[in-house]
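A.B. asks: predicted coordinates and the sequence they were generated for:
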Amino acid sequence: MTYPRLLKLGEKEEAALKSYLKEELLNHDAERSQIIDDLKQAQTDYWAKPSSEVKTFPFRGAANIIIPLTAIAVETIHARTMTQIFGVEPIVSVQARNGQYTRFENPLEDHLDYELMHNLKCRKPIDSIVLELEKFGTGFGKSGYEKIVKKALRPAPDGSGRDEEFPVVVKDGATLDPVPNANFLMPLSEKDPQTAAWSGEEHSRGPYEVKLLGQAGLFYKDVFEKLEAHYASPEYAAGVKSRDYEKHIESLEKRVPLWPKRINWQELWCGFDVDGDGIDEEIVVHYNKELELLMSVRYNWHIDLRRPYRYGNYMTVENRYRGIGICKQNEQFQRSITTRHRQTLDSGTIANMQMFKVHKLSGYGPKEPIFPGKMWFLDDMSYIESLPMSEIKNSSFALEQSDLIFSQMRSGVNETTLGMPAPGTPGTATSDLAKIQESKQKFDFFYSNTKSLINDLIFDVFCNIHQFGPKNVGYFQWSEHGEILRQLYSLPLEVIREGLVCRVRAAGEKSNRLQDRQNWVQVSQVLTQYYAGMLQLAQMSQDPQLIQLVMTKGLTAATEAMRQILESFDVRNIDRLVLAELDNMSQGGSNGPTNRIAAASNGGGGAGPPGNGQAPGMAGLAQIVALLGNGGAA
């Protein structure tokens with residue numbers, strides 16, 4: 001696949017588009033400056049790095065520690081969330097809308113798991129998206145298409161000694177990328193990237209990567225050459241305000257580059273009249289605002305004209321698209337606890353500093369050495385006395401604990417969620433279990449918001465794979481379910497996009513094959529009781545047609561339940577293990593399974609009424625039902 005075609009704009013349309021983008025971005029830079037400052041402060045609280053190495057107030061060497069309350073809460077929630085997302089395999093759950101499409105479920109789960117974990121390396125981008133969602137309250141991600149081609153040289157096979165060049169496709173297909181909060185662009189008056197006047201992001205990449213993207217066809221020709229002279233100067237790197245947030249993070253990490261060679265540009269999805277007919281078209285623009293350079297302009301290539309940006313909230317704010325994260329929740333509590341903890345340490349330090357009041361006639365000067373066991377020979381016992389500088393205030397610790405309790409109430413992270421023993425007298429196991437269940441309610445709410453975002457991104461990846469094709473087409477050849485996947489991807493993209501065939505989402509605690517396995521084992525027990533009772537009632541009625549119907553449905557149900565159990569165990573060649581012939585026999589008419597089962601039920605004597613004893617066919621079905629009742633274990 002290649003990138004969608006570039007648009008060739010006239011001079012009038014190009015000038016109008018540049019003017020529009022320049023004005024919008026200039027206004028947005030002014031309104032989002034406070035957001036960048038808040039993000040910087042949140043990162044500073046998370047890193048808990050003191051502003052100075054040594055404090056000089058109230059005395060030199062005073063307490064300088066910062067209690068990392070925000071980091072404790074973030075890392076606890078993040079570890080639980082990532083474990084929930086990637087704790088099961090495959091990480092994708094597929095549910096068919098119609099029974100005839102159930103054959104797509106497991107093959108599609110395996111294929112998307114391969115694409116996400118092997119080709120897209122999705123754990124790292126999802127990690128960044130979820131971590132920003134928890135820290136700042138909002139996480140942004142997107143799925144698009146990217147192609148990178150490199151040139152390789154190898155000796156020619158004819159032995160001539162010359163080198164032969166050939167292209168190597170490094171990346172070609174769907175992508176899954178995080179969009180940093182500091183880089184996301186959308187007017188603050190808007191609420192949804194899909195319906196906003198424009199939405200997009202700010203890119204900052206190295207020159208080599210930009211050059212590769214240009215060679216792959218993302219930009220117009222000669223775009224890289226136009227940017228090269230501009231970015232290759234120290235003045236450019238120092239004057240780029242868009243890197244303020246990134247430079248702040250670099251300073252916290254102590255890895256500030258000497259000369260950061262980065263090219264910045266804006267990717268915007270917007271509506272604009274590019275053909276002069278008075279009606280706006282949905283376009284995708286790559287634009288460099290420093291040079292006012294249009295790097296590329298394309299029509300929105302998605303069928304439903306969707307924009308790739310998805311966002312989720314940690315704690316939602318009504319009627320706003322940005323939420324509240326742990327950094328904001330703990331902002332005032334971290335400062336309060338840090339201040340009180342420093343006061344307690346400084347108070348203890350000062351209280352342990354003893355001064356001496358010395359009588360002028362004692363004979364001791366200011367440089368008199370002091371050491372344990374020193375003997376003082378005085379004419380009067382009141383000549384030298386110790387003078388305490390301060391006393392320890394016991395209320396400081398209690399006030400610090402009260403702030404900690406308020407922080408735990410706001411963030412939902414306490415001793416129970418941390419796996420630590422509660423202070424004081426330990427409670428009973430029942431009370432601890434009740435606390436765990438209650439605290440889980442708040443985490444489940446946060447996790448459901450996070451999972452909703454991941455579901456949207458995974459579904460977008462699926463649709464982009466359908467539109468642009470997978471990176472490794474050989475998967476359809478080597479996979480056991482290659483032919484089934486070909487049938488799925490041959491369906492119209494509109495049907496897939498609307499979710500009419502199947503529901504694709506991230507697997508979780510309540511949606512994974514392990515849970516399906518347990519569910520089907522329980523369902524098999526219910527089927528055992530149901531068909532055992534139906535067989536007894538059919539035998540009592542002595543109606544041959546009724547018993548034939550029960551036997552037929554019983555075998556079909558037992559086979560289907562066993563098939564579902566084996567699929568949940570990822571067993572290969574299932575058709576060789578179950579009675580797959582029933583699928584073909586079910587359409588055999590009078591020679592189908594009905595008469596054969598009836599004959600078996602009479603010991604081979606035809607479709608006559610059963611006797612008083614249990615028929616052989618009935619015993620065979622009882623064995624299948626018993627096998628189901630054991631969860632598929634012989």
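C.D. replies: Everything's here; your move.

A.B. asks: number of nearby residues for Ser189?
C.D. replies: For Ser189, the count of nearby residues is 8 (other CB atoms under 10 Å). (C-beta placed from N, C-alpha, C; glycine too.)

A.B. asks: how far away is it from Ala156?
C.D. replies: Per CB to CB, to the nearest Å, Ser189 is found 61 Å from Ala156.

A.B. asks: one more: Tyr208?
C.D. replies: According to CB to CB, Tyr208 stands 28 Å off from Ala156.

A.B. asks: so between these two, which is more surrounded?
C.D. replies: Taking other CB under 10 Å, Tyr208 and Ala156 do not tie; Ala156 has more neighbours (12 against 9).

A.B. asks: okay, the more buried one: pLDDT?
C.D. replies: Looking at Ala156, its pLDDT stands at 80.

A.B. asks: what is the mean pLDDT for stretch 127-146?
C.D. replies: Per-residue scores along stretch 127-146 average to 95.

A.B. asks: endpoint to endpoint, that stretch covers what distance?
C.D. replies: Distance between the two ends of stretch 127-146: 21 Å, counting by CA to CA, to the nearest Å.

A.B. asks: now stretch 158-169
C.D. replies: Across stretch 158-169, the terminal residues are separated by 24 Å (CA to CA).

A.B. asks: list the buried residues of that stretch.
C.D. replies: Within stretch 158-169, no residue is scored as buried using 16 or more other CB atoms under 10 Å.

A.B. asks: tell me the spacing between Leu294 and Glu13.
C.D. replies: With distances taken as CB to CB, Leu294 is found 10 Å from Glu13.

A.B. asks: compare these two (neighbour count), which wins?
C.D. replies: Neighbour totals were compared for Leu294 and Glu13, and Leu294 leads with 20 against 17 (other CB under 10 Å).

A.B. asks: part of a helix, is the more buried one?
C.D. replies: No: counting by DSSP: H, G, I helix; E, B strand; the rest coil, Leu294 is not part of a helix but strand.

A.B. asks: which one is it nearest to, not counting chain neighbours?
C.D. replies: Distances taken as CB to CB, 6 or more residues apart in numbering place Tyr287 nearest to Leu294, at 5.9 Å, with adjacent residues excluded.

A.B. asks: which SS class is the one you found?
C.D. replies: Put simply, Tyr287 is strand when judged by three-state DSSP.

A.B. asks: check what pLDDT it gets.
C.D. replies: Note on Tyr287: pLDDT of 96.

A.B. asks: and for it, the neighbour number?
C.D. replies: Tyr287: 21 surrounding residues under other CB under 10 Å.

A.B. asks: I'd say it and Trp265 touch.
C.D. replies: Yes: Tyr287 lies in contact with Trp265 (CB atoms under 8 Å); the separation is 6.3 Å.

A.B. asks: all helices for the stretch 401-550 of the chain, in order.
C.D. replies: Using DSSP state H, counting those that start in this stretch, the helices of the stretch 401-550 of the chain run over 415-418, 429-468, 475-478, 482-489, 493-497, 513-541, 544-568.

A.B. asks: and the second one, which residues are buried?
C.D. replies: What that stands for is helix 429-468. Here helix 429-468 shows 435, 439, 443, 446-447, 449-451, 453-468 as buried, counting by 16+ other CB under 10 Å.

A.B. asks: chain center to the helix or strand where Ile148 lies: distance?
C.D. replies: Under the criterion of DSSP states H and E, Ile148 resides in strand 145-155. Computed by CA atoms, centre = their mean, to the nearest Å, the chain-centroid distance of strand 145-155 equals 30 Å.

A.B. asks: could you pull out the buried residues of that strand?
C.D. replies: So for strand 145-155, counting by 16+ other CB under 10 Å, buried means 145-147.

A.B. asks: likewise for stretch 107-127?
C.D. replies: The neighbour-count check on stretch 107-127 (16+ other CB under 10 Å) flags 107-117, 119-120, 122, 125-127 as buried.

A.B. asks: stretch 402-412 too?
C.D. replies: Buried residues in stretch 402-412 (16+ other CB under 10 Å): 403-404, 407-408, 410-412.

A.B. asks: stretch 540-551 too?
C.D. replies: Those would be 544, 547-548, 550-551, for stretch 540-551 by 16+ other CB under 10 Å.

A.B. asks: one step back: quick one: the buried residues of strand 145-155 as TSV, columns for distance to Gly533 too.
C.D. replies: Converted to TSV, the buried residues of strand 145-155 look like this (distance: CB to CB, whole Å):
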residue	distance to Gly533
Tyr145	56
Glu146	59
Lys147	61
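
A.B. asks: which one of the residues you listed is nearest Pro366?
C.D. replies: Using CB to CB, Glu146 comes nearest to Pro366 of those, at 73.8 Å.

A.B. asks: which residues touch the closest one?
C.D. replies: Glu146 is in contact with 171-173, 175, 213, 218, counting by CB atoms under 8 Å, 6 or more residues apart in numbering.

A.B. asks: list only those of these flagged as buried.
C.D. replies: Counted by 16+ other CB under 10 Å, those give 171-173, 175, 213, 218 as buried.
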